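Colleague: I would like the atomic coordinates for the input below:
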Amino acid sequence: MKTKSIHNHLSKLENDARLNVWHFALLTAILTLAARQKQSKTINVSRRKLMALSHIKTLPSYHKYLKELQELGIIKYTPSYHPGYKSEVEIMIP
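Modeller: Modelled structure (predicted):
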């Protein structure tokens, strides 16, 4: 994912009053991982990495904002319950 693409995704959401700074922190972390993996839709993620990149320190906050992003249709999260496999996040922003 290129910087221009990241900017386009975030600019589509900047006027959404339902989102707060923590939603954007988590989205930025997801888009950062997408850029590092050179992916544009489906990204392999780990909770630890997303929490570190977004500076979210508590599990309840992490789960709250991840769930809200799913409910808003911004991402689709597919958890992996296997310790050897990472979970997947699909970016649903048009």
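
Colleague: Residue ranges in the chain under the pLDDT threshold?
Modeller: 1-7, 94 (pLDDT under 70).

Colleague: Contacts only, for His55.
Modeller: Each residue near His55 by Cβ atoms under 8 Å, 6 or more residues apart in numbering is listed here: Ala25. In short, each C-beta sits where N, CA and C put it, glycine included.

Colleague: what's it sitting at in phi/psi?
Modeller: phi 60, psi 30 (degrees, to the nearest 10).

Colleague: just the strands in the protein please.
Modeller: Using DSSP state E, the strands found in the chain span residues 42-45, 75-78, 87-91.

Colleague: And the last one, how far out from the chain middle?
Modeller: It stands for strand 87-91. 8 Å (Cα atoms, centre = their mean, to the nearest Å).

Colleague: who does it pair up with?
Modeller: strand 42-45 (antiparallel), strand 75-78 (antiparallel) (DSSP bridges).

Colleague: what would those strands look like in CSV with mean neighbour count and distance to Ala35?
Modeller: Shown next, in CSV, are these (neighbours: other Cβ atoms under 10 Å; distance: least, Cβ to Cβ, whole Å):
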stretch, mean neighbour count, distance to Ala35
strand 42-45, 19, 9
strand 75-78, 14, 16
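
Colleague: would you turn these into CSV with distance to Trp22?
Modeller: Putting the strands paired with strand 87-91 into CSV (distance: least, Cβ to Cβ, whole Å) gives the following:
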stretch, distance to Trp22
strand 42-45, 16
strand 75-78, 14
